[in-house]
Every structure is written in structure tokens, then in C-alpha cells.
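> Let me see the structure of the following:
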Amino acid sequence: MKGLIRGGAPMLGMAMLLTAIGGNAAAQGKPGNDSADWCVVSAGACAGKDKTVSVTQGESESFTGRLISPDKLNAGASALPINAYLAAGEWSSYCGETVACGVNPTVIITPSMLTFTDFAQAQDFSVQVVAGANVVPGEYTVKIKTFGPDNEQLRAIGWGLGSGLSLTIMVTEAGSCAPPTLSIISPAEGTSLAICQVNPTTLQGATPVAVSLEASSGITDFSAVISRADGSNPSVVTLVKNLAVDPATASGTGSANGTIGSYKVTATATNACATVTQMRSFAVNYVFDWLPPTPNTPNASATIPTKFSIRDCAGAFVADETVQVTISDGIGFSTTHSFGANPTTGVTISTVDEVYHTNFDLPAGQGVAYTITVKFQGIQQGPARTFTTKVTGPSAR
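Okay, here's the model as predicted:
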């Protein structure tokens with residue numbers, strides 16, 4: 001692509017420019033500034049801001065990106081419509097300790113200009129990566145974003161450029177075999193799922209987990225297994241595979257079998273060259289609800305009734321005797337109540353009222369901040385509850 005400057009500088013020939021059609025308008029409408037958002041598109045939905053493409057010398061690969069206009073601009077609606085000119089720049093490369101990379105792959109963005117007529121408007125664009133026969137095999141990285149030369153104009157409009165897309169291009173030698181490029185689309189990293197089908201005796205559950213995979217470079221097979229984070233309780237996911245397209249896709253619903261805690265999906269993609277593996281972590285938890293009364297600003301030395309419930313994904317109450325409720329002030333005072341028959345010293349469970357209940361007696365001290373946390377099986381469930389005691393006179397603490 002003509003005009004590229006390597007080593008971190010943006011492409012000058014197609015530098016990205018954002019202009020407001022109609023000139024600089026007076027600030028009106030929605031106040032404040034915001035940034036554009038970017039993502040790689042997979043199965044019609046956003047799937048992160050990073051993309052790795054494997055391409056052989058003399059061939060090309062394509063994917064879809066998405067640019068979303070800001071939620072608001074300091075110039076308001078009068079700044080619309082706005083043109084965003086798309087290009088790639090900020091190249092870097094590595095082809096080995098003793099090999100100079102030389103010519104970069106070509107990145108073609110279509111369309112190269114997007115016109116936005118509203119706030120938070122999403123528009124897709126195609127990115128084609130072409131590795132010419134003269135491109136040295138190696139790893140190339142580049143940014144797809146708006147490189148605005150007129151920063152004063154951009155600030156006047158209030159459009160933040162956003163992070164752009166990070167594209168890694170793995171160029172392989174013609175006639176060689178490129179390993180698969182595998183992405184786990186779902187579950188998203190760090191997803192928390194509500195436990196399902198809880199056995200009241202063992203507290204073991206069977207929680208459905210939707211798994212979606214995508215991979216490129218001549219994929220011949222996929223696999224996925226759901227297990228605890230330590231690899232125990234493995235469960236194979238039955239996948240529906242579409243290997244006739246590139247990137248190939250696979251999806252199915254598996255089961256996270258066990259109690260609440262940390263789980264993972266281990267997925268593989270295979271082609272004629274190799275099998276690659278990716279992992280994705282997620283959690284299974286109870287559906288947690290704090291119940292009244294809410295301790296807003298109680299008096300020092302007050303008794304704090306603490307009530308809550310936990311349920312499974314179908315709304316069924318769960319009685320888990322591993323419960324531990326802790327109140328602390330962060331400066332020395334801390335008390336933990338476990339399952340018991342008396343709410344003064346322990347945590348009672350009523351399957352009739354579907355409620356957990358314990359009471360805490362606060363020490364003397366005005367204006368003291370307290371935090372209450374609840375754990376089951378040693379894992380915190382739900383958000384902490386915080387409150388501060390009332391100040392009515394000189395504090396004793």
C-alpha cells in the first residue's frame with residue numbers, strides 16, 4: 001500500500017481523517033465527548049478488538065470489522081453527518097533474528113469511508129489481507145483506526161478516535177502449512193453463569209454452556225470440552241461444524257457439571273498441518289439476592305439483621321450449609337457466622353420462607369464503615385453490602 005511508513009509511524013497516503021460535513025457547529029444537543037468503538041465481527045456480533053490472520057505468500061484472507069460512532073459529541077447532532085476515512089498504519093514486524101522483513105502485506109479496507117448519521121451507529125467494513133509473493137514469511141502487526149491529522153478539528157467535534165483494531169498477520173512460505181488460527185467466541189472470558197439443576201444433597205449442578213468457535217486455514221475438525229478449572233468433571237461438547245467456509249465455525253451447548261466455582265472450555269482446531277488449543281475461563285454461581293431490612297445508617301452498638309437468599313437458574317431456592325457471613329470494618333473488627341440453629345451466633349436456613357438469616361451486634365463506634373460478605377463453599381456470592389453507623393456525638397473509636 002503506497003505511503004506506508006514502517007517502524008510505528010502511520011500510513012500517510014491513506015491517513016484517516018474525520019470531518020464534520022457542514023463545518024464547525026456551535027455546541028448543542030448531547031453534551032460532552034465520547035470515543036468511537038471498534039470490534040471484529042463474527043457471526044454478526046462483536047468478538048473483541050484483536051484479530052490474527054494466517055496467510056500464505058501469494059494468497060489473501062478476509063474478515064469483517066465494525067466501527068461504532070460515539071454515544072454523544074460536544075457539538076451535538078449539528079455535527080452530523082460525519083465521514084470517517086479508514087486505513088491501516090503503525091506497522092511492526094518480525095521475520096527472524098537475521099532476516100529483514102522488507103515489504104509489508106497489503107491491507108485493503110472496503111469501504112474506505114464510512115458516513116455516520118447518528119450517535120452509537122454501527123457500520124461494518126471488510127478487511128482483506130494480501131501477502132504478495134515478495135512478502136517475507138514472518139509476523140506482522142498493524143492498527144486499523146482513524147489517524148486524524150487535524151486533531152484540533154477532531155477535538156472541536158468531540159469525537160474520540162478509540163483504540164482501533166489490532167491485526168496480527170502470520171505470513172507463511174508458499175507451499176508450507178500454516179497452523180490453524182482458533183478463537184473461542186463464547187462463552188466470553190470471565191462470564192458468570194447461574195447454576196442449574198442443583199442436587200439438594202450434593203449441591204452438584206448441570207449448567208448449560210453455549211460454546212461457539214471460529215478458526216481459519218483449512219480446518220478439518222473442531223473439539224470442545226467443559227471442565228472444572230483443574231480439569232476435573234470433563235464433559236464433551238457436541239458441536240455442529242461448518243468446515244466448508246473460511247473461517248470455519250462450530251457451535252454447541254455443553255454442560256458444566258459440579259458445584260459453584262471456576263470452570264473452563266478447552267477447544268481445539270485441526271488442519272493438515274497441526275492441532276491448536278485455546279482455553280476460556282468462566283464461573284458458575286448462585287443467583288444471589290439481599291433481602292430487607294437494609295442497614296442504611298444504624299446507631300453504634302446496634303443489632304444488624306442480615307437476610308438473603310440463593311437460587312438456581314430456574315429460581316429454585318438452594319439450602320447450602322457451607323454458608324459463611326462475615327462483617328468487618330477493615331481496621332480490626334471482624335466476625336464470621338456459619339450455619340447454625342440460632343441467628344445470634346450462626347446463620348439459619350428456612351426452606352419454608354426461603355431465606356438465610358443471621359444477626360450481628362455492632363461494637364461501639366460512630367461513623368464506622370462496615371462491609372458484609374457472603375460465601376458458599378469458600379466462594380463469595382453476590383456483591384458485598386456496606387453501611388456506615390450514625391454519628392450523633394463524639395466518636396468512641
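> tell me the domain ranges of the protein?
18-172, 181-285, 287-388 (automatic domain parsing).
> As a markdown table, these with mean pLDDT and mean neighbour count would be great.
All C-beta atoms are positioned from the backbone trio N, CA, C, and that covers glycine. Listed next are these as a markdown table, based on pLDDT from 0 to 100; neighbours: other CB atoms under 10 Å:
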| stretch | mean pLDDT | mean neighbour count |
| --- | --- | --- |
| domain 18-172 | 82 | 17 |
| domain 181-285 | 96 | 18 |
| domain 287-388 | 96 | 16 |
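> Name the residues that touch the helix or strand encompassing residue 360?
According to DSSP states H and E, residue 360 maps onto strand 355-361. Defining contact as CB atoms under 8 Å, 6 or more residues apart in numbering, one finds that strand 355-361 is touched by 291, 301-310, 323, 325, 327, 335, 337, 343-344, 346-350, 372, 374.
> what's downstream of it, the next helix or strand?
strand 369-376.
> immediately after that following strand, which helix or strand?
strand 379-380.
> Return the list of strands paired to that next one, each annotated with direction.
Looking at strand 379-380 with DSSP bridges, its partner strands are strand 369-376 (antiparallel).
> Off-centre distance for the strand it pairs with?
Centroid separation between strand 369-376 and its chain, computed with CA atoms, centre = their mean, to the nearest Å, is 26 Å.
> Bridge partners for the nearest residue to residue 226 once chain neighbours are set aside, pull those for me.
Spatial nearest neighbour of residue 226, excluding adjacent residues (CB to CB, 6 or more residues apart in numbering): residue 254 at 4.4 Å. The bridge-partner assignment for residue 254, based on DSSP bridges, gives residue 209.
> Residue 254 touches residue 236, doesn't it?
Yes - using CB atoms under 8 Å, residue 254 makes contact with residue 236 at a distance of 7.2 Å.
> Identify the contacts common to those two.
Counting by CB under 8 Å, 6+ apart, the residues touching both residue 254 and residue 236 are 224-225.
> what sits up against stretch 241-255?
In contact with stretch 241-255 (CB under 8 Å, 6+ apart) are residues 42-43, 61, 63, 181, 206-222, 224-226, 235-240, 265, 269.
> What are the boundaries of the helices in this structure?
For the chain, the helices defined by DSSP state H cover 151-157.
> can you tell me which residues contact residue 339?
321-323, 346-347, 349.
> try residue 183
Residues near residue 183 by CB under 8 Å, 6+ apart: 42, 47-48, 213-215, 278.
> repeat that with 6 Å
residue 214 (CB atoms under 6 Å, 6 or more residues apart in numbering).
> Bridge partners for it, pull those for me.
Assigned bridge partners for residue 183, using DSSP bridges, are residue 214.
> do you know how far it is from residue 42?
7 Å (CB to CB, to the nearest Å).
> Which ones among the contacts of strand 355-361 map onto strands?
If you go by DSSP state E, the contacts of strand 355-361 have 291, 303-310, 325, 327, 335, 337, 348-350, 372, 374 in strands.
> Name the residues contacting each of residue 183 and residue 42.
Common neighbours of residue 183 and residue 42 (CB under 6 Å, 6+ apart) are residue 214.
> residues in contact with stretch 132-147?
10, 15-16, 18, 57-58, 84, 88-95, 101-105, 161, 164-165, 167-173.
> that older thread, can you put the contacts of residue 339 in a markdown table and add distance to residue 296?
Listed next are the contacts of residue 339 as a markdown table, based on distance: CB to CB, whole Å:
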| residue | distance to residue 296 |
| --- | --- |
| 321 | 30 |
| 322 | 30 |
| 323 | 24 |
| 346 | 25 |
| 347 | 22 |
| 349 | 26 |
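> what's the farthest-apart pair in those residues?
Greatest spatial distance among these (CB to CB): 322 and 346, at 12.8 Å.
> shared neighbours, the two?
Counting by CB under 6 Å, 6+ apart, nothing touches both residue 322 and residue 346.
> picking that back up, closest to residue 127 among the contacts of residue 339?
The closest of the contacts of residue 339, once distances to residue 127 are taken by CB to CB, is residue 322, at 50.2 Å.
> So that closest one sits against residue 376, correct?
Yes - counting by CB atoms under 6 Å, residue 322 touches residue 376, with 5.3 Å between them.
> Got phi/psi on the nearest residue to residue 205 once chain neighbours are set aside?
Spatially, and ignoring its direct neighbours in sequence, residue 205 is nearest to residue 195 (4.1 Å; CB to CB, 6+ apart). Here is the backbone geometry of residue 195 (degrees, to the nearest 10): phi -60, psi 140.
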